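J.: Only the shape, not the letters, is given here:
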C-alpha cells in the first residue's frame, strides 16, 4: 500500500525511490550509473525521474568532468516535508512495516519509529529506534527485524513492552517513555489512537 501510494502521488514508482535514496544521503553526490543500481530502475526510467526531479527543484545537477552528478536539494523549502513523506511511504519505515507484518496481537499491538527517523533528521549512518507495544520478547523482536536491518544496512534499536507496563510507567512519570510518547512518531503497526495517552498525573 505505501509503495502504491508513493507511485500515485509522484506519478511513477521510480521518482519516489530516487528521491528516497537521495534524501537518505543529503551530503553525497551520485552519478546516474550509481543511482540506476541503487534505485533498481531502467536507464530510461531513471533518466525521466532525474529530469523531473531537477525540473521541480528537488534535485540538483552539476557537471564534473565528463559526467553529471546529482544530489538532493536540501535547501528546497519543502525538503523537510518531502523527506518525512518519503520516509512514511518508501523509506526505512516501509521495510520495518513489512518485517512486522506477520505479527499481530498480543505479540505486537502497535509499533512506531521514534527519534531522528521520525523527525526526518536521520541519514544512512543513523540508527533506527523502534518502540513496540505487545507481548513479544526482545529476542523474538530482534529476530523478526534482522532481515529489515540487513536490507537497510542500518542498525535497528528495538524495544518492546507489554501495554500494562507502558501505561503504568507513563502514569508514574517515567522520563524516557514520556519523552518518546510526547515526541514525533512514525507508525509502523496500528494508528496513533492505538497508543496509550501520556498522562499528566505523573508530573
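T.: Ah, there it is. Nothing here was measured: the structure is a model prediction, and the numbers come from that model.

J.: what's the first-to-last distance across stretch 180-198?
T.: By Cα to Cα, to the nearest Å, the extent of stretch 180-198 from end to end equals 10 Å.

J.: I meant to write stretch 60-79 there.
T.: 13 Å.

J.: So for it, what gets flagged as buried?
T.: For stretch 60-79, the neighbour count (16 or more other Cβ atoms under 10 Å) marks 60, 69-73, 79 as buried. From N, CA and C alone the C-beta is placed, and that goes for glycine too.

J.: got those as a markdown table, with secondary structure columns?
T.: Formatted as a markdown table, the buried residues of stretch 60-79 follow (DSSP: H, G, I helix; E, B strand; the rest coil):
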| residue | secondary structure |
| --- | --- |
| 60 | strand |
| 69 | strand |
| 70 | strand |
| 71 | strand |
| 72 | strand |
| 73 | coil |
| 79 | helix |
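
J.: If we only consider those residues, which is nearest to residue 37?
T.: residue 70 (13.5 Å; Cβ to Cβ).

J.: bridging residues for the closest one?
T.: Beta-bridge pairing for residue 70 (DSSP bridges): residue 30, residue 61.

J.: Pick the one among the buried residues of stretch 60-79 closest to residue 49.
T.: residue 70 (10.2 Å).

J.: Tell me the pLDDT of the closest one.
T.: Among the per-residue scores, residue 70 holds a pLDDT of 96.

J.: for it, what are its contacts?
T.: 22, 29-32, 35, 50, 53-54, 59-61 (Cβ atoms under 8 Å, 6 or more residues apart in numbering).
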